[in-house]
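Student: Sequence and predicted model, in that order:
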Amino acid sequence: MNIDDCFLLGKITKPHGYKGDVILYIDADEPDLYKELDCIWLEIGGRLVPHFLDATKAHNALQKLIVHLDGVNDEAAAKALGGTNVFLPIKYLPELDENEFYLHEVQGWRVADAKNEETIGTINKVLDYAIYPILEVHSDGREVLIPLPAEIEIRVDRTKQQLFVTIPDGLLDVYLGTSERSDEEDFFPWDGEESEDGEDLDK
């Protein structure tokens, strides 16, 4: 299984008990969608290795699941999997509404200003901060950071692989224009930290 054909579901956190069970943390908006899995892919040595699930049990925490992997039968084997990333094929992602998108899918797409439909550049990656995601865009050799708080209007064109974003007034001048401003404080008014899983946050 190629990692580019998968999404990060979560990670194995720690053993549960002494018989090989582990805690699977599900990093998704709707974790219930993934509580009847029969196979997951673990990232081991830079490769995705399939592991069948012998059993799954509910956990008190909404985003956690107690799972028993085939062949993992004692605490030592379970402990060795602690911190391992867990992936699923992209086909397991739920369908989105017309103007919703998954952060992982827009890398390489173009982004345009929704007010005039002028292309700004190409999305290099999405920085997944707890407060809201930020697009890192390459524009004529320059880097532009575009915040995506909930109130920002976004139009998605999957056919053209393009996002149309309502850009805050003055933001592009900071990066591309002749503005004398030297900071981004008005556009990024927080001291947040990047979420645990870094740059990709799939539903």
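Tutor: In hand now; what should we look at? Here the structure is a predicted model, which means the values were calculated and not measured.
Student: Assess the claim that Tyr92 and Tyr34 are in contact.
Tutor: Yes - in terms of Cβ atoms under 8 Å, Tyr92 counts as a neighbour of Tyr34; the distance is 7.3 Å. For the C-beta atoms, the positions are set from N, CA and C on the backbone; glycine is no exception.
Student: Which of the two has more residues huddled nearby?
Tutor: Using other Cβ atoms under 10 Å as the criterion, Tyr92 and Tyr34 rank with Tyr34 on top: 19 against 14.
Student: Next up, the contacts around the more buried one.
Tutor: Contact analysis of Tyr34 by Cβ atoms under 8 Å, 6 or more residues apart in numbering lists 9, 26, 28, 65, 88, 92.
Student: Now it. Its backbone dihedrals?
Tutor: Backbone torsions for Tyr34, taken as degrees, to the nearest 10, come to phi -120, psi 20.
Student: cool, and Glu143?
Tutor: As for Glu143, its main-chain torsions (degrees, to the nearest 10) stand at phi -100, psi 130.
Student: Mind naming the longest strand for the chain?
Tutor: strand 47-58 (DSSP state E).
Student: What residues sit buried inside that one?
Tutor: For strand 47-58, the neighbour count (16 or more other Cβ atoms under 10 Å) marks 48, 51, 53, 56 as buried.
Student: just those now: which is nearest Leu172?
Tutor: Leu172 lies nearest to Leu48 out of the buried residues of strand 47-58, by Cβ to Cβ, at 38.8 Å.
Student: Hmm, the closest one is touching Leu9, no?
Tutor: No - between Leu48 and Leu9 there is no contact under Cβ under 8 Å: 11.4 Å.
Student: end-to-end on stretch 164-176?
Tutor: 18 Å (Cα to Cα, to the nearest Å).
Student: Residues touching it, excluding its own?
Tutor: 111-115, 117, 120, 135, 139-140, 142-148, 152-157, 179, 181, 184, 186-187.
Student: what do you get for stretch 5-16?
Tutor: By Cβ under 8 Å, 6+ apart, stretch 5-16 touches 21-28, 34, 40-42, 48, 63-64, 66, 75, 78-79, 81-90, 92-93, 102, 104, 197, 200, 202.
Student: Check the offset of the strand or helix carrying Ile23 from the chain's centre.
Tutor: Assigned by DSSP states H and E, Ile23 falls within strand 22-26. How far strand 22-26 lies from its chain's middle: 17 Å, per Cα atoms, centre = their mean, to the nearest Å.
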